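Peer 1: Here's a sequence, model it:
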Amino acid sequence: MAWSLRLLTVRGIPIRVHISFLLVLLWAGYLGLVGDAARGWHGMAFMVAFVVLLFACIALHELGHGLVAQLFGVEVRDITLWPIGGVARLGTMPEKPHEEFLISAAGPATNLLVAIVLGFAALAWLGLGPFIELATTPRLLGRVVFARDGHALLLLLVLNNVILALFNLIPAFPMDGGRLLRSILAAVMPFRTATRVATSVGQVLAILMGIFGILSTDWVLLLVSLLVFAAAWQERQQVQLKVNLRGLRVRQAMQPLSVRLHPVQTLGSALAQAATTSQSVFVVEEGGRMMGVVTRGDLLRGLRKAGASARVADRMRRNPWRLGPEELLSELANRFDDDPSAVAVIIDDGQLSGTLGKGDLQRLAELLSVCPEALPRG
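Peer 2: Numbers count the residues shown, from 1 in each chain. The predicted structure follows:
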């Protein structure tokens with residue numbers, strides 16, 4: 001993934017950190033250095049250490065998802081840590097309710113397990129009497145937490161792991177609770193219906209969070225509510241797409257090759273040809289050999305940026321995906337989710353026979369949502 005650094009690999013799962021994570025460390029160090037409760041450089045070191053360890057716990061949360069997913073034969077592409085949290089990219093989410101339930105529950109369960117282990121470590125470090133006194137005296141606990149020492153770091157990690165587990169159990173996408181709710185519903189109703197109900201619940205919760213955020217002038221909560229609402233809508237659309245395409249093959253969605261372009265052709269000339277067809281992806285050939293592909297959007301963007309005299313080769317994509325005509329569209333939908341702008345060429349018995357983009361999948365799915373029997377399914 002662009003702009004991310006690989007930290008390590010666990011059971012074949014690359015764990016990466018996005019470069020923007022450095023901004024979180026800088027912000028944490030700044031707060032520790034100048035905050036009211038800080039102690040200069042000591043406070044800065046404490047805050048940076050806390051953020052690093054907290055994101056290590058988030059990585060364990062995502063690794064919990066990944067390791068359980070591997071038990072069910074699900075591909076785990078990678079785990080990436082972002083400033084707003086972590087994401088485990090799975091090849092696909094299984095539609096068997098019990099599998100989705102266990103994969104989704106693994107993340108919060110990991111955080112609770114970490115909290116328990118760290119809690120016992122705090123108990124061993126502090127002793128039984130002081131530990132009980134801290135747990136039953138909120139004011140004393142607050143003073144210890146803001147002491148910026150080892151005890152405070154340990155207790156903060158315990159509290160934040162509990163918060164991470166509870167927050168992720170909220171029944172709304174993209175939190176794990178949304179998938180847990182869907183898996184429970186999918187045990188008694190069709191998967192698509194379960195998705196619709198679960199995402200609707202998530203959107204209602206997002207609206208309530210947004211209203212509360214506005215009334216309390218909590219703009220962070222308002223932003224979270226918008227993200228939750230959008231994630232629920234996106235999940236519903238993705239499931240609808242995959243269900244509509246189930247059982248269909250690449251050959252049933254690909255675009256036939258009508259217009260072919262040349263790498264030294266001008267963008268103005270190429271667009272004049274493109275205007276004569278509904279084709280959206282064009283093969284670029286020279287001497288009968290494919291040099292790459294270019295989309296209608298690529299041509300238009302190139303025309304605006306470089307002018308009509310620029311060459312097709314300047315906008316050409318040299319390494320499109322190569323697919324076979326019998327590959328399943330429902331499986332390809334996951335790849336297009338990761339890279340919506342990608343395009344593919346279809347190779348049938350060694351011959352170039354067509355092209356395919358995400359727009360082709362969406363148009364076909366839209367047709368099938370109205371007329372599901374329009375195409376035979378394998």
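
Peer 1: For stretch 356-366, which residues meet the burial criterion?
Peer 2: By neighbour count with 16 or more other Cβ atoms under 10 Å, stretch 356-366 contains the buried residues Leu356, Gly357, Lys358, Gly359, Asp360, Leu361, Gln362, Leu364, Ala365. From N, CA and C alone the C-beta is placed, and that goes for glycine too.

Peer 1: Model confidence for the second one, exactly?
Peer 2: Gly357 carries a pLDDT score of 85 in this model.

Peer 1: Inside strands: which ones of the buried residues of stretch 356-366?
Peer 2: Leu356, Gly357 (DSSP state E).

Peer 1: Flag the shaky bits of this structure, pLDDT-wise.
Peer 2: Counting by pLDDT under 70, the chain has low-confidence residues at 1-2, 35-39, 140-145, 147, 378.

Peer 1: make it 50
Peer 2: Of all residues in the chain, none has pLDDT under 50.

Peer 1: on that earlier part again, between the buried residues of stretch 356-366, which is closest to Ile211?
Peer 2: Distance to Ile211, by Cβ to Cβ, is smallest for Gln362 among these, at 32.6 Å.

Peer 1: shouldn't the closest one be in contact with Leu241?
Peer 2: Yes. The criterion here is Cβ atoms under 8 Å, and Gln362 meets it with Leu241 at 6.8 Å.

Peer 1: export the buried residues of stretch 356-366 to JSON lines and tack on distance to Gly12?
Peer 2: Compiled in JSON lines, the buried residues of stretch 356-366 are given as follows (distance: Cβ to Cβ, whole Å):
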{"residue": "Leu356", "distance to Gly12": "29"}
{"residue": "Gly357", "distance to Gly12": "30"}
{"residue": "Lys358", "distance to Gly12": "28"}
{"residue": "Gly359", "distance to Gly12": "33"}
{"residue": "Asp360", "distance to Gly12": "32"}
{"residue": "Leu361", "distance to Gly12": "29"}
{"residue": "Gln362", "distance to Gly12": "32"}
{"residue": "Leu364", "distance to Gly12": "34"}
{"residue": "Ala365", "distance to Gly12": "32"}
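
Peer 1: Out of the buried residues of stretch 356-366, the closest to Leu156 would be?
Peer 2: Within the buried residues of stretch 356-366, distances to Leu156 taken as Cβ to Cβ reach their minimum at Lys358, with 43.2 Å.

Peer 1: name the element the nearest residue to the closest one once chain neighbours are set aside belongs to?
Peer 2: Using Cβ to Cβ, 6 or more residues apart in numbering and skipping the chain neighbours, the partner closest in space to Lys358 is Phe336 (4.1 Å). Secondary-structure assignment from DSSP states H and E places Phe336 in helix 329-338.

Peer 1: Other residues contacting that helix?
Peer 2: Outside helix 329-338, the residues within contact range by Cβ atoms under 8 Å, 6 or more residues apart in numbering are 77, 89, 91-92, 238, 241-242, 245-250, 252-253, 321, 323, 342, 344, 356-358, 361, 364.

Peer 1: Quick one: the helices in the stretch 151-300 of the chain, in order.
Peer 2: Assigned by DSSP state H, counting those that start in this stretch, the helices in the stretch 151-300 of the chain fall at 176-186, 191-215, 219-245, 267-274, 296-306.

Peer 1: Can you tell me which of those helices is packed in deepest?
Peer 2: helix 176-186 (a mean of 23; mean count of other Cβ atoms under 10 Å).

Peer 1: Tabulate the CA atom coordinates of that helix in PDB.
Peer 2: The C-alpha coordinates for helix 176-186 follow below in PDB (Å, rounded to 0.1, in the frame of the first residue of the first chain):
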ATOM      1  CA  ASP A 176     -17.300  -4.900  14.700                       C
ATOM      2  CA  GLY A 177     -20.700  -4.600  16.300                       C
ATOM      3  CA  GLY A 178     -22.300  -4.000  13.000                       C
ATOM      4  CA  ARG A 179     -20.900  -7.200  11.600                       C
ATOM      5  CA  LEU A 180     -21.800  -9.100  14.800                       C
ATOM      6  CA  LEU A 181     -25.400  -7.900  14.500                       C
ATOM      7  CA  ARG A 182     -25.500  -8.900  10.800                       C
ATOM      8  CA  SER A 183     -24.100 -12.400  11.600                       C
ATOM      9  CA  ILE A 184     -26.800 -12.900  14.200                       C
ATOM     10  CA  LEU A 185     -29.600 -11.700  11.900                       C
ATOM     11  CA  ALA A 186     -28.200 -13.800   9.000                       C
END
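
Peer 1: And it, what does it pack against?
Peer 2: If you count contacts as 3 or more Cβ pairs under 8 Å, 6 or more residues apart in numbering; DSSP states H and E, helix 176-186 packs onto helix 97-126, helix 191-215, helix 219-245.

Peer 1: which secondary structure elements does the second one contact?
Peer 2: In other words, helix 191-215. Helix 191-215 makes packing contacts with helix 176-186, helix 219-245 when contacts are defined by 3+ Cβ pairs under 8 Å, 6+ apart.

Peer 1: helix/strand/coil for Val87?
Peer 2: Taking DSSP: H, G, I helix; E, B strand; the rest coil as the rule, one finds Val87 in the strand state.

Peer 1: From Pro171, how far off is the residue nearest to it when sequence neighbours are not counted?
Peer 2: Leaving out its chain neighbours, the residue that sits closest to Val87 by Cβ to Cβ, 6+ apart is Thr80, at 5.4 Å. With distances taken as Cβ to Cβ, to the nearest Å, Thr80 is found 25 Å from Pro171.

Peer 1: So for the two, which sits in the more crowded spot?
Peer 2: A direct count of neighbours by other Cβ atoms under 10 Å for Thr80 and Pro171 places Thr80 higher, at 23 against 18.
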